[in-house]
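1. I would like to see how this sequence folds:
(2 chains)
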Amino acid sequence: MNTLLVLPILIPLATATVATLSWRKPALDRWLGLLGAAALLGVSIALLWRVRAEGIQAVQVGAWPAPYGITLVADLFAAIMVLLAGLMGLSVAVYSLVSIDRGREVFGYYPLLHVLLAGVCGAFLTGDLFNLYVWFEVMLIASFVLLTLGGERAQLEGAIKYVTLNLLSSAVFLTAVAILYGVTGTLNMADLHNKLATVPAGVTTTVAMLFLITFGIKAAVFPLFFWLPASYHTPPVAVSAIFAGLLTKVGVYALIRVFTLLFLQNPAYTHTLLLWIAGLTMITGVLGAIAQHEFRRVLSFHIVSQIGYMIMGLALFGLSASTPLAAFSLAASIFYIAHHIVVKTNLFLVSGIAHQLRGSYELKDLGGLASRPALAILFLVPALSLAGLPPLSGFFAKLSLIQAAFGGRYFAIAAVALTVSLLTLYSMTKIWIEAFWKPAPSANNGQNAVRDKYHPVLLVPVSALALITLLIGLSAGPVFDLSVEAAQQLQDPRGYLTAVLGETAENQKRFEHDARASLSSPSAASVEVWPRAGDRP
Amino acid sequence: METVLAVVAGGLFAAAFYLMLRRSLVKLVIGLVLLSHAANLAIFTIGGLTRANAPIVALGKMQPDLPTADPLPQALILTAIVISFGVTAFAVVLLQRAYQAVGSDDLDKMNTTDT
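-> Numbers count the residues shown, from 1 in each chain, chains lettered A, B, ... in the order given. Alright, predicted model coming up:
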């Protein structure tokens, strides 16, 4: 059994358990949280190393053979995402050491943070749709509590929208899973890939739309994003940062997974729709950001806008079918996700430092922060990277996406992407002028405590992430090569199928047989599944 | 039977969405509960309503008495019920706390974080 695949889920869960038991000792909890996050990062690096060296890894949980049991699979894309989750987990755990108040610590901040990480890693690694639903719920429940922990009015109001829309998305997810099971008699994604080939296109497209709505809500695409800017600016900044970095990206990951592995039957419809969604998401997000004058609200709207870019790569992938351009588009998307997670988390963490210094997130109350060159530079690096200035990571992410759009002759979406990136620069400039360049407001309305110092530990994750942004930008070649490899694995699912299902001819024949049976009569197929349980060890 | 259950599931979805679009917090939470019920019923119906034996292998046999009913939809539903139970419990407490904090159960009064 390949333990390396299970560890990214087990480590956070074990950390959460131990940290819950030691809730009376916040100091111990803090160090446990840090230790667990560091271990997760270590394991995720090892996992990526192993997947790159030895190909796609899979493990059948409980030794039930696929497609009957639950499979955990790590291809390069999943391994990259787990690595990013580990990195963000550690950054936020360090940041939390000195920024989370005592009350939240006692009420289980660290256990929840790690349950959240377990849910995120589980969602990245699972090869089973229903299991994906379960990991989504693990992640959601942890995020619900993290969002409301503290119980301030704004938090509760934001949480109502967040909870309602995410539960709605879960219900749609369940319904889509049900239909898929009814049609094919399986929930294993590799097995589904084989069986969906024989299902009528009308049915698959309908189910694809249900999944688009489900993951679209989680990923906050147009027009399903309204929960995000209503809630992300309400919790403590460490929580905002991990949400901003990881949660919506799990939605994007799931979208990419199902729209590359399962739903490629009718790309002219599904992926054209994705392209429209991508464009509209970019535009509405960035326009929303321009209208805002609060640090974290501006950043929240930028999350929405950036999701559009990631979806754009996915849409171009489907529209250019099985050409090399398709892999290139998808690689651009994966590169974009990696860049975005690092940069966005970093910007949120910087907004927290600004808050410590000025006691406010409102841009009008901020100001004069440019007198701290270190902080100013640490803001400028991710901000300019987000806008896409060379030589930072965002430049190469956007460049490759726009190249992909030109390659497929989709000039409209390229124009949208370029315009939106200009508007992003405008928005970052607005924050720069208001928070950093203009003189500090003298009276500060008399209510906000202005402090001279922030805790130096806060700078550790911020500078580490800024450094990573720089490194991704400076070594864009190797990183992009990795993304291309990941994209090729997604484009040609044979490796994935073999890793999950094994490659015996008997297997293949059985899958084809199952697919035919399920097509003729869904309920008959689901009955028929059972007698073969003799295959079990 | 499938038709009846399909209509019932559809009705539950419709009722859930209607309730969630109302302004009252209590109706919102009832809507959430109905929504999870609707999804569970949908799994149950689509999974196939077969009148058959329980899929349990009797002692000394290699396979159960055919035909067997598919146990998987029920396993899925059971998982989903447990999850929705936990989530609903959280939602009820959240809405109660929100009611206390805002002093009203009108969702239109809870728009300070909207943009």
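
2. Now do the same contact list for the closest residue to residue A:104 other than its chain neighbours.
-> Among residues not flanking residue A:104 along the chain, residue A:149 sits closest, at 5.2 Å (C-beta to C-beta, 6 or more residues apart in numbering or on different chains). Placement of C-beta: from N, CA and C, glycine included. The contact partners of residue A:149, taken as C-beta atoms under 8 Å, 6 or more residues apart in numbering or on different chains, are A:104, A:107-109, A:112, A:155, A:235, A:239.

3. Phi, psi for residue A:149 please.
-> When quoted as degrees, to the nearest 10, the phi and psi of residue A:149 stand at phi -60, psi 120.

4. Please report the distance of the residue most central in space within chain A from residue A:284.
-> For chain A, the residue nearest the mean C-alpha position is residue A:249 (1.7 Å; C-alpha atoms, centre = their mean). From residue A:249 across to residue A:284, the span is 19 Å (C-beta to C-beta, to the nearest Å).

5. ok so, going back, my read: the residue nearest to the centre of chain A touches residue A:340, true?
-> Yes: using C-beta atoms under 8 Å, residue A:249 is in contact with residue A:340, at 7.4 Å.

6. what touches both of those two?
-> Common contact partners of residue A:249 and residue A:340 (C-beta under 8 Å, 6+ apart): residue A:310.

7. ok so, going back, so which strand or helix has the residue nearest to the centre of chain A?
-> helix A:248-261 (DSSP states H and E).

8. from the chain's centre, how far out does that helix sit?
-> 9 Å (C-alpha atoms, centre = their mean, to the nearest Å).

9. buried ones in it?
-> Neighbour-count burial for helix A:248-261, counted by 16 or more other C-beta atoms under 10 Å in any protein chain shown, picks out A:248-261.

10. List the contacts of residue A:105.
-> For residue A:105, the contact set (C-beta under 8 Å, 6+ apart) comprises A:26, A:29-30.

11. Return the member of the residues you listed nearest to chain B.
-> Taking C-beta to the nearest C-beta as the measure, chain B lies nearest residue A:29 of these, at 22.1 Å.

12. I'd assumed residue A:21 was in contact with the closest one.
-> No: in this structure, residue A:29 is not within contact of residue A:21 by C-beta under 8 Å, at 9.8 Å.

13. Right, and chain B sits closest to which residue of the stretch 301-450 of chain A?
-> Closest point on the stretch 301-450 of chain A to chain B, by C-beta to the nearest C-beta, is residue A:301, at 7.8 Å.

14. Whatever helix or strand that residue lives in vs helix A:248-261, what angle?
-> Assigned by DSSP H and E, residue A:301 belongs to helix A:295-319. In terms of direction (axes from the mean of the first three to the mean of the last three C-alpha atoms, to 10 degrees), helix A:295-319 departs from helix A:248-261 by 10 degrees.

15. Which other helices and strands does helix A:295-319 contact?
-> Contacts defined by 3 or more C-beta pairs under 8 Å, 6 or more residues apart in numbering or on different chains; DSSP states H and E place helix A:295-319 against helix A:227-231, helix A:248-261, helix A:267-290, helix A:324-358, helix A:393-407, helix A:411-431.

16. export those to a markdown table and tack on mean pLDDT and distance to chain B?
-> Compiled in a markdown table, those are given as follows (pLDDT from 0 to 100; distance: least, C-beta to the nearest C-beta, whole Å):
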| stretch | mean pLDDT | distance to chain B |
| --- | --- | --- |
| helix A:227-231 | 90 | 5 |
| helix A:248-261 | 94 | 17 |
| helix A:267-290 | 93 | 7 |
| helix A:324-358 | 91 | 16 |
| helix A:393-407 | 92 | 24 |
| helix A:411-431 | 93 | 14 |
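
17. Of all the ones you listed, which one is nearest residue B:50?
-> Nearest to residue B:50, of all those, is helix A:248-261, at 28.4 Å by C-beta to C-beta.

18. now the strands for chain A?
-> Applying DSSP state E to chain A gives strands spanning A:57-61, A:70-74.

19. and the helix ranked longest in chain B, anywhere near chain A?
-> Scanning chain B for the helix with the most residues, using DSSP state H, yields helix B:72-102. Yes: using C-beta under 8 Å from any C-beta of the partner chain, helix B:72-102 comes into contact with chain A via B:72-73, B:76, B:79-80, B:83, B:86-87, B:90-91, B:94-95, B:97-98, B:101-102.
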